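next come a sequence and a model predicted from it.
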Amino acid sequence: MNLKKNLNIIVQLALKDIKIKYNNSTFGYLWMVINPLLILVSLYVIFSIIIKLEVDHYQIFLLLGIIVWNFFSEATLGSINSIVSSMPLLKKVNVSLFNIILGANLSSLISFIINVFLLLCMMYFFKIPIFQPIRLIGLFYFLLLILIIISVSSIICVIYLYFKDITHIWTFALFIGFWITPIFYSETSVPKQFLSFYMLNPLARIISHIRNTVLYNYIDSPYQIMTTIIICSSIFFVSLFIYHRYSKKIYEVL
Amino acid sequence: MKSINLKKISKKYTLKKRKNLFFDLSSSKKHEFFALKNINLSINQGECIALIGANGSGKTTLLKILSGIVKPTSGNIKTKGRILSFLEIGAGFQEELTGRENIYLYGSMLGFSKKEVDLNFNEIVSFSSLNDFIDIKLKNYSSGMKVRLAFAVAMSHNPDIILIDEIMAVGDEEFQKRSLNKINEMKKFGKTIVFVTHDLNLIKDIANKVIYLKNGEIKRAGVPSIVIHSYLSDVIELHESKFSLNNIKNKDKIIKQEGLLEQFNQKRNLLMIQLDSLEKTVYGNQKKYSTIIVNIIDSILDLNKKECDLVNINNRKIELIEMNTYLIHKKIPYMSKNKIFAHGQKAKSYLDLIQIYNNPKKRAAKIIDFIGVVQMIPNLNLTKKKQNIKDFLMATNKSTISEYYYELCLEFTLFNEKEKNRNLFENFKDNIVQKFSKPQIINFIFNEVKDLRLKDFDPKLEAYIISIFCEIIFEIKFELNNSQIKQLDKAIWDMLNQIIKKILILKQNYILSNSKIQLDEIEEIIDVKKQIINLRKKINKSNFIKLNNEHSIIKNIKYYNKNNVAKSEFLNNENIIIEIEFFKIPKENENLNLSIYSEENYLISELLIPIKDHILNNKIKVEIIENPFSNANYFVNTSISSKNNKVLDSKLFLSYFSITNNSKNLGSVKIKYNLK
């Protein structure tokens, strides 16, 4: 009962975010599709014609990384913005912080799904087989990705309650993160001394996993997968702890 | 069955002050603020509770705690059932979304599933009468529409506890009616309602119980009238409130009694008596009725824990004349005619007053000193005891006085400065009449006199001027026609009454001002009063008033003791029978207004008797039972008024009786008038 109610609230909040974002423009919801489509197409064109790198199917390689990263950054930053815009809700109506975070994440998720769909179309266009069973393991990584996003969003939102500067800090962190994560290069380019630290970044792991599975048809070793799972779960538990401990004081601090 | 139960709830907020924009870390000072302290509250199911209190007293915080938005710092809450809270108009409403979309969003906030909202959708739309607007963005709604929408969405739910925070103020008459109806419906179904309001009239319509919060604590909780009373007396002076206690439901009426005070217990004083309505002295059941009153008074006083004297309300006055010296020692705030006269330090001078009052020799001397009044008037920098009338005039605000009057006053000033001999009054009068032609005077009297607001003016001066007018009027009355005479008469009466009132007030002001009394000046002033009284008599005799010979006229007032012996002197605690004789049997619907004044012009008691019901052989008898008066003279003023309060005849300050010994017990005046 409680879960259903919460789910409803989350869905409504996500819909609200989307509606508010796209309601006023003429094309409205079409922008949800057109925007990523344009980005994907232009990037594709740029990296096919203008810059040519030696990686096989570089365009898909790049775009995969980009959409995952976009999902992550949109969801985390978006959750902070969602709190700010839902301030009246938090203060006056009995809505829990977690619902708002999840709502923001859900709306980012929706755009991520659209992106993925477009990418799959593109892959089909380039005759990369999509429906091989191995690739469906990508779905598992996808779940891990969602887990990371929820955890990081919660941590950041709770920190935001106490320390509003986190918005700026996180923007910077995302900026740096973009370069540190193997989005437009492969992780093999990283020098061996740093590789172990480098691969602690869960997003780096996830992106490389997804790429391996989806593009190169290659399942990583169980050791690698376990490490990823451990890293993601630990971040998740940390976020649970922080949320539980520190989000009660929300109303004094907001 | 308890619906809400709060135990020892406290809410502490830590506020940080921002020092500067760069370093907001430890340079900010922390400040602890207790929004609620140790609240213990339990509300039964089906009750409708109003929360009142000054802004910042913790009402909204309490509601937030009840609705679960804010967790208390300590204490625990138990609530039963679904809670619905309206803490702000459309809290959670998104301006960019349409009404329909908001209904679904809001509905989910409140815990509905989409299906539930679907079912109630039409009902919501029709209750809020937003039929065409439901698909328009909320930013285009008026605030009233938003409230209606919010209310409609919430009411379609079935909450068990409803919490409302001051939102009923918005919304047109129709909507307010509808929401009140809905709330009443909810009450019938046994829902618990807690609301915050500043509209005290709303409370009397729907609340069972009122809680008054002050600085985070419950100061008083209980029956509406008593709690509201406590709130009003804390916040503002009672009579300044727009709220009229008169309209409280029957079971909550405070006091309704005119001219009857019960015996005070020494510790208590009456806080307020509301005298608008009323029923006559209930004769047969007097004891019972009076005990009820005493109980009510006691409970109010206990609740308020205040000791003060009576307050004037509206036109029916009861001023306590005889102070219990014990009470004076307690530094009572004395309130009379919208002003607090004695408070704290000033009570000492009040004490002096009482001592003087009890001394017969001094009493004669201590009546009025107009001149001293000047010191009490603000905005005048006159520090000398004897005012310079001219300066005084200059200093007052010219714009409030008409030109004529001002010039007249100047004339008088000059006169006053030159000649203190009142025999030259005649000359002065002639000067006036010459200088200002008669039509001007007539004009002035008609148009200006009735509008004169002589607040800042020296009443002695005023009295003189009025007397001049009266004299002039005598001369010119034959030049006036009937209606003009009527008007004039009314105007003069009004002015005279104003002066007398002013005398009462200003005198009180003065008495507390610590200036010394000069016996000469007092004599002068007594003379003025006598003049006025004589003038009245004159006017009476000259038929100014008796235009309509059909109404009743007072012939005589006599006093008898209980053995029916005519007397003019009585002892304390004796029964005094006052007999008012009329010239003829009066018309229907005329009222006799009987008031007893002390020598100092304190109004002791006042009665309004419908003549027809009580007249016997052209006489009305009124009996003061066991009079509480002490050694002094008491005037009995009588006047006859018609149904619409028009004064038809009046015998003011002309009749009195005396009491020859001191009273030991101070008490109330019990007047019996149903002697048929």
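That came through fine.

can you list the residues of chain B near chain A?
For chain B, the residues in contact with chain A (C-beta under 8 Å from any C-beta of the partner chain) are B:13-14, B:64, B:67-71, B:85, B:87-88, B:91-92, B:94, B:96-97, B:101, B:104-105, B:108-114. Any C-beta I mention is one placed from the backbone N, CA and C, and that applies to glycine too.

how about 7 Å then?
Residues of chain B lying close to chain A by C-beta under 7 Å from any C-beta of the partner chain are B:13-14, B:67-71, B:87-88, B:91-92, B:94, B:96-97, B:101, B:104-105, B:108-109, B:111, B:113-114.

roughly how far apart are residue B:568 and residue A:11?
Taking C-beta to C-beta, to the nearest Å as the measure, residue B:568 and residue A:11 are separated by 93 Å.

the two: which is more packed in?
residue A:11 (16 against 11; other C-beta atoms under 10 Å in any protein chain shown).

elements contacting the host helix or strand of residue A:207?
Per DSSP states H and E, residue A:207 falls inside helix A:202-214. Packing contacts for helix A:202-214, counted by 3 or more C-beta pairs under 7 Å, 6 or more residues apart in numbering or on different chains; DSSP states H and E, involve helix A:58-85, helix A:138-162, helix A:222-246.

would you mind giving the ones you listed as JSON lines with distance to residue B:39 and mean neighbour count added?
Output for these, formatted as JSON lines (distance: least, C-beta to C-beta, whole Å; neighbours: other C-beta atoms under 10 Å in any protein chain shown):
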{"stretch": "helix A:58-85", "distance to residue B:39": "30", "mean neighbour count": "21"}
{"stretch": "helix A:138-162", "distance to residue B:39": "26", "mean neighbour count": "20"}
{"stretch": "helix A:222-246", "distance to residue B:39": "26", "mean neighbour count": "15"}
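
adding distance to chain B and mean pLDDT, write those helices out as TSV.
TSV is the format used below for these (distance: least, C-beta to the nearest C-beta, whole Å; pLDDT from 0 to 100):
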stretch	distance to chain B	mean pLDDT
helix A:58-85	9	89
helix A:138-162	11	91
helix A:222-246	13	91
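
out of the ones you listed, which comes closest to residue B:145?
Set against residue B:145 and scored by C-beta to C-beta, the helices and strands packed on helix A:202-214 come closest in helix A:58-85, at 22.4 Å.

compute the inter-axis angle for that closest one and helix A:202-214.
Interaxial angle, helix A:58-85 versus helix A:202-214 (axes from the mean of the first three to the mean of the last three C-alpha atoms, to 10 degrees): 140 degrees.

report all helices and strands that helix A:58-85 contacts.
Going by 3+ C-beta pairs under 7 Å, 6+ apart, helix A:58-85 lies up against helix A:31-45, helix A:97-125, helix A:138-162, helix A:166-180, helix A:202-214.

returning to what we had before: I would like the residues contacting the helix holding residue A:207, please.
The contact list for helix A:202-214 (C-beta atoms under 7 Å, 6 or more residues apart in numbering or on different chains) reads A:61, A:64-65, A:68, A:72, A:134-135, A:137-138, A:141, A:144-145, A:148, A:181-183, A:187, A:198-199, A:218-220, A:228, A:231-232, A:235.

thinking again about what came up before, right, so the helices and strands packed on helix A:58-85: which one is the most enclosed?
helix A:202-214 (a mean of 22; mean count of other C-beta atoms under 10 Å in any protein chain shown).

show me the contacts for residue B:222.
Shown in contact with residue B:222 (C-beta under 7 Å, 6+ apart): residue B:209.

next up, phi/psi of it, please.
phi 160, psi -140 (degrees, to the nearest 10).
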